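S.K.: sequence unknown, structure follows:
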C-alpha cells in the first residue's frame, strides 16, 4: 500500500522484483516446432512452423503472404519477450520512484535514460507499461496472468499505440488472450493459442484473429 510519505521515493527494489518475476526461458532454450493455424472466423489456414534457437520463425505450407507473415510475427514477438536479460542490462541507466496508486496498481515513474516512461505494479506483476518506442507511445494494460511456478506470463491484456505528443490513437486498441503450455514436463512454456481483436465504438468485436499452435515438440534431441 502506497502512503503519502512514499510518493517520490526510490522504488528500484520494488520494480526489480516485478521485473524478475516475469517468465523467461533458460539460456539453453533449443527451439521448438509444431503445427500452426490461423482463422478470422471465415477463413482458416493450417501449416507447420519451426522456431529456432536463434528465435527465428519459419512457417511452411501457408501460401497467403499476409497470414504467413502474421504467424511468423506472433511467434517472434512471443519469443523475444522470453529472452532473459538482467535488470541491470535493461534498466541500469534508469531510476525509479513511486508515483500514485489506483486500481491498476502502484505507479513507477522512470527517470534517467528512459525518462517519460512509467509502469504500474500490483502483486509483483507489471500491470501497466507506458513506454516510448520508435517514435510512438505504447500502453499495455495486463488484466490477467498465468503463473508458471517460475514467473508469470500475461494472459489477458490490451495494447494501444498513441502519438507521443498529441496522445491521439494511431491504430485502435487491440485486445489479446494468450494460452501457454509447458513444452514437456519441466520444460519451457510456449504459446499454444493467441486471439487478437479490436472493438468498435459500439463495443462489438471486430478484426478478430485466432492463432493456434499444436503438436509442439522441442528441437532438442534429448526431448524427441
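M.R.: Here it is on my side, so go on. Bear in mind that the values here come from a model prediction, so they are computed numbers and not experimental data. Numbers count the residues shown, from 1 in each chain.
S.K.: hey, let's count contacts and neighbours off CA atoms from now on
M.R.: Will do.
S.K.: buried stuff in the longest strand along the chain?
M.R.: In the chain, with assignment by DSSP state E, the single longest strand is strand 205-218. For strand 205-218, the neighbour count (16 or more other Cα atoms under 10 Å) marks 208, 209, 210, 211, 212, 213, 216, 217, 218 as buried.
S.K.: Can you tell me what sits against that strand?
M.R.: 30-41, 71, 183, 191-200, 223-224 (Cα atoms under 8 Å, 6 or more residues apart in numbering).
S.K.: Ok, stretch 67-80 next?
M.R.: 38, 51, 55, 56, 57, 58, 59, 62, 191, 211.
S.K.: Quickly list what the last one is bridged to.
M.R.: Think residue 211. In this entry, residue 211 is beta-bridged to residue 38, residue 194, by DSSP bridges.
S.K.: All further residue positions should be reported with the first residue as 53.
M.R.: All right, first residue 53 from here; so that's residue 263.
S.K.: how's this protein carved up into domains?
M.R.: The chain resolves into domains spanning 53-76+146-224, 82-133+231-276 when parsed by automatic domain parsing.
S.K.: JSON lines please, covering the ones you listed and showing mean pLDDT and distance to residue 139.
M.R.: Converted to JSON lines, these look like this (pLDDT from 0 to 100; distance: least, Cα to Cα, whole Å):
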{"stretch": "domain 53-76+146-224", "mean pLDDT": "94", "distance to residue 139": "7"}
{"stretch": "domain 82-133+231-276", "mean pLDDT": "93", "distance to residue 139": "14"}
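S.K.: and of those, who's closest to residue 140?
M.R.: Set against residue 140 and scored by Cα to Cα, the domains of the chain come closest in domain 53-76+146-224, at 9.2 Å.
S.K.: all helices for the chain, in order.
M.R.: Along the chain, counting by DSSP state H, helices occupy 64-72, 117-132, 139-143.
S.K.: Make a markdown table out of those and add mean neighbour count and distance to residue 208.
M.R.: Compiled in a markdown table, these are given as follows (neighbours: other Cα atoms under 10 Å; distance: least, Cα to Cα, whole Å):
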| stretch | mean neighbour count | distance to residue 208 |
| --- | --- | --- |
| helix 64-72 | 17 | 17 |
| helix 117-132 | 16 | 14 |
| helix 139-143 | 12 | 24 |
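S.K.: which one of those helices lies closest to residue 220?
M.R.: With Cα to Cα, the closest approach to residue 220 among the helices of the chain belongs to helix 117-132: 24.6 Å.
S.K.: relative to strand 257-270, how tilted is that closest one?
M.R.: Using axes from the mean of the first three to the mean of the last three Cα atoms, to 10 degrees, the direction of helix 117-132 lies 60 degrees away from that of strand 257-270.
S.K.: Work out the gap between helix 117-132 and the centre of the chain.
M.R.: Here helix 117-132 is found 13 Å from its chain centre; the criterion is Cα atoms, centre = their mean, to the nearest Å.
S.K.: and if you look at stretch 120-136?
M.R.: Centre-to-centre, stretch 120-136 and its host chain are 10 Å apart (Cα atoms, centre = their mean).
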